[in-house]
Structure formats: structure tokens, C-alpha cells
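**Student:** Task: produce atomic coordinates for the following.
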Amino acid sequence: MYILDVTDGPRKGERIKLREAKPVIFGRNPAAPFAVPADITMSGKHFSAVGNGDICMVTDEGSSNGTYVDGVRIVAQQVIPGQRIRAGSWNFRWLSTSPANRSSRARHCRRRSFRPCSR
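**Tutor:** Numbering: from 1, shown residues only. Predicted coordinates:
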């Protein structure tokens, strides 16, 4: 399971769950899996996101205002956990809960078991 954390916008605090290898479309079109019909700064089909391993592939779907990763306008970009995505007036942060990421984190925390893991 993969998560996009909504960090800014009308649905701030919401977490969008993505399944591996299943793209999710974000946009103003009410038929989009993540629809934001009231946001005129987003295109009908603004961007898509799909998880694979610890990576998320974000693709701009021909939007008018662009899709940005860490402030840089992209056409298609691999995103790693912690990176920020902006589309219209929305901001997201990619969080990975893939098995690979969990086991890596567990190994990291075991090595430093004398203090809380904040990686």
C-alpha cells in the first residue's frame, strides 16, 4: 500500500491510499478517482500517480497549470518518500508503506535500538 498525504488544500490531512501498479488520476473531472471539481486551478485530468516498490511515478496528464515535484515542473517524475507534489492549489507528500520500505526501516531501527527511530 502507498499513501499520498494531502498537506495543503480543502482536504488537508487526508491520506490517499494507492495500490501497487494501479494508477490513480487526480483532477477536476468528477469521474476521476481523486476528484476536486471545485478547484479551477486543476485540469479535468491533471496528473496520475502509481506506486512501485518505494517509488511513486507521477505523470502530468497535459494539465494547464502544471504538476510540480519539490517546486520543479515535471512531465513525468519518479518520487521517493518525503518528496512533495503540487497540482493546482493542492500539495501532497509521498509516503511509502511498501514491504521493502518497512523492512529497510526495521533494519535501520534495530541498529539504533537505544533511541527512537525517526528516519
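**Student:** residues contacting residue 15?
**Tutor:** 3, 4, 5, 6, 95 (C-beta atoms under 8 Å, 6 or more residues apart in numbering). Bear in mind the C-beta positions are built from the backbone N, C-alpha and C, glycine included.
**Student:** do that again at 10 Å, thanks
**Tutor:** Contacts here follow C-beta atoms under 10 Å, 6 or more residues apart in numbering; on that basis residue 15 touches 3, 4, 5, 6, 92, 93, 95.
**Student:** pLDDT at it, what is it?
**Tutor:** In this model, residue 15 is scored at 90, pLDDT.
**Student:** got it, and residue 20?
**Tutor:** 73.
**Student:** next one: the one 3 residues further on
**Tutor:** Per-residue confidence at residue 23 stands at 86 (pLDDT).
**Student:** if I pick the residue nearest to it when sequence neighbours are not counted, what's in contact with it?
**Tutor:** Spatial nearest neighbour of residue 23, excluding adjacent residues (C-beta to C-beta, 6 or more residues apart in numbering): residue 50 at 4.2 Å. Remark: with contacts taken as C-beta under 10 Å, 6+ apart, residue 50 is in contact with 2, 18, 19, 20, 21, 22, 23, 24, 56, 57, 58, 59.
**Student:** So which of those residues sit within strands?
**Tutor:** 2, 18, 24, 56, 57, 58, 59 (DSSP state E).
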